[in-house]
Structures are given as C-alpha cells and as structure tokens.
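>>> All I have is the shape, not the residue letters:
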C-alpha cells in the first residue's frame, strides 16, 4: 500500500486546476491524481480518424482523460454566476467571481491571452431579445477553441507534473475509511492507495460512481433535474450578427403552451457537431476551433428543456438516459432530422437529406425525433425555434438540422459545506461531479478553492 497526503480522483477541470494551484503554492504534501481515461496526448476520438459513427470506446476519449470532458470541447469559459452552477451559494458571489477571474488569468498566462474575451453585459442583443420575450443572461466569455485548449492543458500538466503524481487508465473499484480517519482507494489494477484527504472530482462521467461513494458514507444528495433537448445546426450566417458580438448567447425562453423554460446552450460558431459516449449511451454535443482553417460553414447550439421532478420520483438521470437509449435504438447512435420534416410530421430520410441545403457536420441516422423525445419537450423546442427566428431570421428554415438527443445530466448535488467538504472529515466533492458546478469556469474555480484550503492545512498559513 502506497501512502499519500492527498488523492484527487478525476483529472477534469476541477482536478486540473486543483493540481495547478497545489503546485503553484508548493504545498507541503504528497499528491496523487487518478483518472480512468487517457493522458492528454493519447486522447483521440476514432470518429476523428474516420471511424464514422461512435464506436463506444471504454472509456470515451471525448469524456474521459486529462482535462475531462472540457479538453476536446470548444474551450469556452463563462465567467458568471447567472448560469453554470451554484458555487457562489457556497463561497459567496464575490469570491466565486474572483476565483473564475483567477482561472481566466491562469489560462491567459498559459497561452490563452490571444483568445478574445466577449461580454453580453452591454450588448444590443439583450434589448432585442427582451423585445421578443427572450432573455439573454449576462456573462464574460473566453473562447479558447479546441485546438488552443489542448495546448494550454498540456502546459498546465507540465507545470504540475513534478509536484502532482498522475496515473491514467485507472478505475477506482472501491473506497473505505480506516479507524484513523484515512481513506483507502482500491483500483481495478489491484493497487491500494492510502490518503488523509480524498477529493472526488470525477466530473459528469463519474456521476454514478460519486453517488455510490456518497451512499456508502451516508452523505445526502439531491437528485431532481435533467435537461433534455436537441443540438441545432444551421448556416453560420444566420447567427453571425449574434456570435460575432457576444460569441456565446445564453438565451432563456418561457413557452406559452406549457410555461416551461427552454434555453440555448453551448453555442459553437463555425463549429462541428460531435457524439459523446456517457456510460455506454451515445448523446450529442458541439465543438469549435480557434484556427480559421479548421472552421466549418455551420453554427451549432443546444436547445434544452429543464425537467425538475418531485416525490416519489428520485432518479432524473435515469429518465434522461432512457430517452437517449431510444435514440440509440432507432438510429444506432445519434438521430438527425430536418426542422421542416419535424413540423410536417414526417421522418427525414436519406432521400430528403440529399436535397438539404445545410450540410451536416456529424454523420448521423436520418429519422424522426418525435418517436424519441416526449411531446411536451418537443413542443417546447419547436416553440423556442420560432421564437429565436424573430431575432435570428432563418432559424426556423426547413433545412435547419436537429440532432438528438442532447442530454445534460446534472450530477446529484452532494451535501458539502463552504469548503466543499462533506460531513465525512477529509472527504471533498467538487466540480461538476459534485453537482455544485456545471461549467468549465466554475469547476476550475472549485478546484482552486479546495487547493487553497488544503494548502493552508498542510503549510500552516493562508494560501491566497
């Protein structure tokens, strides 16, 4: 058994920035970071190599490995407390914003300074949206692009590697606690590691594992939300006046028919639609690049309907997974439908797609989303598309493409205090895996926050 002071389970955004801050502050402690995915240089999705459809790699290179799901994303950091998580409810709004600004400074120092910082605070789009019963949330947005993001993460890893030991392709098979308060972490390789402080930072892909650990230690969790929707793809010119101005437009709409909330999410100008494998279920997402040579002619974004459940229902993620399984069953993965076909009540076919002016960036199976997505959510999405058409004419064109399904699984919100420590002393839960955050900026900030707390504990002085 090898002993460490601190073990971080998960090398996603929160784990990466926690390791960075521990290295920067020169913590007087031994640190090990474990992840079931690959090191950065090995993370290559087979689809990028021409595999066509998702091969359901285990673990998924898009979702797992150094940097987590954010590594091969479009590298978009939203500096705001209006969306992206509830970190401010634990550390205070001012501290949360300071932490996110600090994360932005680190990214700039590591090669992101040339990436433009957008802001929606004084945008004319906000006024235009309000006039059409749409609401633009405020944020500063730093878009790194997938290509630049990977390089920055590589530099962060090099900065940390002498202070933080990392081990990849490692799945945690169990966690126990000794009588002295330390933790034993067992791996699928038969190794056992012991530590004084254990940090759960597994991100979205580790939601079930974190839930199991919390159940074992009697830590309360809240499970009541999942977002279900589609990934919209259309010619970039339609949203150009918006994306050139604010890049990421988080627009919220309350539908007339059901009074439900629908929102845009993860906008990728000149980007591409990609498949993700979460626990064996293929869903859809979007990426975009900083290099103009890698850009496409399309823009994509998600339209998500928020679903909150009440007693006696308890497993909202299973509800989302069941809908995604239907899509996988009918389409062998991701389904694709023209908006015009959807509103006319007919499936998209290979023949109809051949006549489509919008060229899809992801190979997907033409089909009928109405056979997969429940009527209420689908009605909300259609109403939202017509609402967006008022501020971005062309959104409701027949050849606007809808990929399904996109599901945002909200990890069970783990009960933690202002230090993101659970009721079990020495056991921390942070990042998207804790349910406290839902974005790269807030997840990264949570890692910095806990790193400073542990540095103060081991070094015996305030770490700021």
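That came in fine, so what should we check first? Keep in mind that this is a model prediction, so the values were computed, not measured.

>>> Tell me the buried residues in the helix ranked longest in the chain?
Assignment by DSSP state H gives helix 440-459 as the longest helix of the chain. Across helix 440-459, burial judged by 16 or more other C-beta atoms under 10 Å covers 440-455, 457-458. Every C-beta, even on glycine, is put in place using the N, C-alpha and C of the backbone.

>>> Could you do stretch 127-135 as well?
Buried residues in stretch 127-135 (16+ other C-beta under 10 Å): 128, 129, 134.

>>> Could you report the distance from the second one to residue 136?
Here the distance between residue 129 and residue 136 works out to 5 Å (C-beta to C-beta, to the nearest Å).

>>> Kindly report the same for residue 163.
41 Å.

>>> ok so, going back, a markdown table please, covering the buried residues of stretch 127-135 and showing secondary structure, pLDDT and distance to residue 211.
What follows is those, written out as a markdown table (DSSP: H, G, I helix; E, B strand; the rest coil; pLDDT from 0 to 100; distance: C-beta to C-beta, whole Å):
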| residue | secondary structure | pLDDT | distance to residue 211 |
| --- | --- | --- | --- |
| 128 | helix | 93 | 42 |
| 129 | helix | 94 | 37 |
| 134 | coil | 96 | 35 |
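
>>> quick one: the strands in the stretch 301-450 of the chain?
Assigned by DSSP state E, counting those that start in this stretch, the stretch 301-450 of the chain shows strands spanning 335-338, 365-366, 401-409, 413-414, 427-429.

>>> starting at the chain centroid, how far to the third one?
What it means is strand 401-409. Relative to the centre of its chain, strand 401-409 is centred 13 Å away, using C-alpha atoms, centre = their mean, to the nearest Å.

>>> show me where pLDDT drops low in the stretch 51-200 of the chain?
Scanning the stretch 51-200 of the chain for pLDDT under 70 picks out the ranges 51-53, 122.

>>> re the thing from before, can you pull the residues that touch both of residue 129 and residue 136?
Residues within reach of residue 129 and of residue 136 at once, by C-beta atoms under 8 Å, 6 or more residues apart in numbering, are residue 251.

>>> Let me know which of the strands of the stretch 301-450 of the chain is the nearest to residue 33.
Closest to residue 33 of the strands of the stretch 301-450 of the chain, according to C-beta to C-beta: strand 427-429, at 13.5 Å.

>>> who touches that closest one?
Around strand 427-429, the neighbours that count as contacts under C-beta under 8 Å, 6+ apart are 183, 197-201, 210, 214, 217, 219, 414, 416, 419-422, 436, 450.

>>> could you flag which of these are buried?
Among these, those buried by neighbour count (16+ other C-beta under 10 Å) are 183, 197-201, 210, 214, 219, 414, 416, 419-422, 436, 450.

>>> dump the residue contacts of the closest residue to residue 198 other than its chain neighbours.
Once flanking residues are discounted, residue 198 sits nearest to residue 183: 4.4 Å by C-beta to C-beta, 6 or more residues apart in numbering. Going by C-beta under 8 Å, 6+ apart, residue 183 touches 7, 175, 176, 177, 194, 195, 196, 198, 426, 427.

>>> Which ones among the buried ones among the contacts of strand 427-429 lie within helices?
Per DSSP H, the buried ones among the contacts of strand 427-429 map to helices at 210, 214, 450.

>>> Turn those residues into a markdown table, including distance to residue 307 and pLDDT.
Output for those, formatted as a markdown table (distance: C-beta to C-beta, whole Å; pLDDT from 0 to 100):
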| residue | distance to residue 307 | pLDDT |
| --- | --- | --- |
| 210 | 21 | 90 |
| 214 | 22 | 94 |
| 450 | 30 | 98 |
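
>>> tally of neighbours for residue 161?
12 (other C-beta atoms under 10 Å).

>>> how close does it get to residue 31?
From residue 161 to residue 31 the distance is 11 Å (C-beta to C-beta).

>>> what do you get for residue 116?
34 Å.

>>> do residue 416 as well
Applying C-beta to C-beta, the value for residue 416 to residue 31 is 20 Å.

>>> How about residue 160?
Applying C-beta to C-beta, the value for residue 160 to residue 31 is 9 Å.

>>> any residues in contact with both of those two?
19, 22.

>>> which one of those two has more residues nearby?
Set side by side, residue 160 and residue 31 show more neighbours around residue 31, with 25 against 22, by other C-beta under 10 Å.

>>> Look up which residues are beta-bridged to the more buried one.
residue 6, residue 164 (DSSP bridges).

>>> Same question for residue 175.
Under the criterion used (DSSP bridges), residue 175 bridges to residue 185.

>>> so who does it touch?
Counting by C-beta under 8 Å, 6+ apart, residue 175 makes contact with 183, 184, 185, 186, 198, 213, 216.

>>> Can you flag the buried ones in those residues?
With burial judged by 16+ other C-beta under 10 Å, the buried subset of the contacts of residue 175 is 183, 184, 185, 186, 198, 213.

>>> Next, find the distance separating the fifth one from residue 103.
So that's residue 198. Computed with C-beta to C-beta, the distance linking residue 198 and residue 103 is 23 Å.

>>> which residues in the chain form helices?
Under DSSP H, the chain gives helices at 13-24, 88-91, 93-107, 124-131, 146-160, 207-217, 236-246, 316-331, 339-343, 350-354, 375-388, 440-459.

>>> Return the most buried member of those helices.
helix 13-24 (a mean of 27; mean count of other C-beta atoms under 10 Å).

>>> And that helix, what does it pack against?
strand 2-9, strand 31-34, helix 93-107, helix 146-160, strand 164-167, helix 440-459 (3 or more C-beta pairs under 8 Å, 6 or more residues apart in numbering; DSSP states H and E).

>>> Can you give me the buried ones in the fifth one?
The neighbour-count check on strand 164-167 (16+ other C-beta under 10 Å) flags 164, 165, 166 as buried.

>>> Which of these sits closest to residue 73?
Using C-beta to C-beta, residue 166 is the member of the buried residues of strand 164-167 that sits closest to residue 73, with 20.6 Å.

>>> OK, contacts around the residue lying closest to the closest one once chain neighbours are set aside?
Once flanking residues are discounted, residue 166 sits nearest to residue 33: 4.8 Å by C-beta to C-beta, 6+ apart. Residues in contact with residue 33 (C-beta under 8 Å, 6+ apart) are 7, 8, 10, 11, 15, 19, 164, 165, 166, 167.

>>> and those residues, which two are the farthest apart?
Going by C-beta to C-beta, the pair spanning the contacts of residue 33 furthest: 10 and 165, at 14.7 Å.

>>> what mean pLDDT would you report for stretch 401-418?
Average pLDDT, stretch 401-418: 87.

>>> typo on my end, stretch 320-337
90.

>>> can I get the buried residues of strand 164-167 in a markdown table with distance to residue 354?
A markdown table is the format used below for the buried residues of strand 164-167 (distance: C-beta to C-beta, whole Å):
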| residue | distance to residue 354 |
| --- | --- |
| 164 | 52 |
| 165 | 54 |
| 166 | 48 |
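
>>> Which one of those residues is nearest to residue 238?
Nearest member of those to residue 238, counting by C-beta to C-beta, is residue 166, at 43.0 Å.
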